[in-house]
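Chemist: I need the structure of the sequence given here:
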Amino acid sequence: MLKRILGSLFIVLFLSLTVSASFAVMKGFESSGQSLVKVGDSVIVPEGADIKSAVSVGGSVTVLGHVSEDVVSVGGSVFVKETGLVDGSVVSVGGKVIKETGAIVKGDVVEVGMAGVGPAVGFFTKGGMFKGLILLSLLAFIGFLVLVAILVSFFTPQLGRISAFMEEDLTKNFWYGLLMVVLFFPILLLLVISIVGIVLIPVWAIVFAAAAIFGYIAVGHLVGKKALIAAKMPGKSMMVETLTGVVLLWLVSLVPFLGGLIKAIVAVVGLGGIYLTRFGTK
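Modeler: Numbers count the residues shown, from 1 in each chain. Below you'll find the predicted structure:
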């Protein structure tokens, strides 16, 4: 059992490193089937280009070519020109979605306003301690939404498999996730008392944290999917479903005590899904 768990978590590490490698080439690329991601800069999908998805954090996205999945801008606007074709959804957090005549967007068009951030910054600079903490919490959550958008763009199939598996049997995922939590410290202790294992302690911590985050996002997708179905809005893209679920989980987490308990349960269920699906590869 221990060997299988360690093997599964090293798969998590491999995929986490894959994400890091992807950030290393964030200057941009437009080859077919790839995702175009930039941080702190705008993204342009040229006319004639055919890419998987386009994501900009801190900049705008301009689409003149074909995007087969989703287009996301965090902190900027999305411009879909008359030659642009987006098969998925278009999401702007803190900006606008501007679609020219002739442009085609087959999925949803979502605008998430951030008008409350400016006044909150004003309170913080005036020395409002409590309001400053609220601002920091809000900014941390916005940063997490950025991470969610990037991971959904890169690992859409894996997230879908994990979410679908959890939907079949939440109880089973919970117990396996709880087992992973229980084994965390014994494995850490084994690494501490082992001369070779000491080097692997940071790796073990990073792998476990990556598994918890990715599992949490997968649960967020399942929650968002169920919520949109209940609201009679089924069939939305994975990006919209996941962002919706993560926002709902965040709102629930604000409830004293109960929110923290639910958040912990969600994290445990997500860990179980990570193990049972081998990070969505099974």
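Chemist: in contact with the residue nearest to F165 when sequence neighbours are not counted, which residues?
Modeler: Distances taken as C-beta to C-beta, 6 or more residues apart in numbering place T277 nearest to F165, at 5.1 Å, with adjacent residues excluded. For the C-beta atoms, the positions are set from N, CA and C on the backbone; glycine is no exception. Going by C-beta atoms under 8 Å, 6 or more residues apart in numbering, T277 touches 158, 161-162, 165.
Chemist: top of these by neighbour count?
Modeler: Ranked by the number of neighbours (other C-beta atoms under 10 Å), the contacts of T277 place I162 first, at 30 neighbours.
Chemist: so the closest residue to it other than its chain neighbours is in which element?
Modeler: Sequence neighbours aside, A218 is the residue nearest to I162 in space, at 4.0 Å (criterion: C-beta to C-beta, 6+ apart). Here A218 sits within helix 201-230, counting by DSSP states H and E.
Chemist: centre of the chain to the helix or strand following that helix, how far?
Modeler: Going down the chain from helix 201-230, the next helix or strand is helix 238-253, by DSSP H and E. Taking C-alpha atoms, centre = their mean, to the nearest Å, one finds the center of helix 238-253 at 10 Å from the center of the full chain.
Chemist: in helix 238-253, what counts as buried?
Modeler: Neighbour-count burial for helix 238-253 flags 238-247, 249-250, 252-253 (criterion: 16 or more other C-beta atoms under 10 Å).
Chemist: contacting residues around it?
Modeler: Identification of contacts with helix 238-253 by C-beta under 8 Å, 6+ apart yields 69-70, 72, 88-89, 91, 107-108, 110, 112, 141, 144-145, 148-149, 152-153, 156, 159-160, 216-217, 219-225, 227-228, 236, 258-260, 262-263, 266.
Chemist: give me that answer again for 6 Å
Modeler: Around helix 238-253, the neighbours that count as contacts under C-beta atoms under 6 Å, 6 or more residues apart in numbering are 70, 89, 108, 141, 148, 152, 156, 220-221, 223-225, 227, 259, 262-263.
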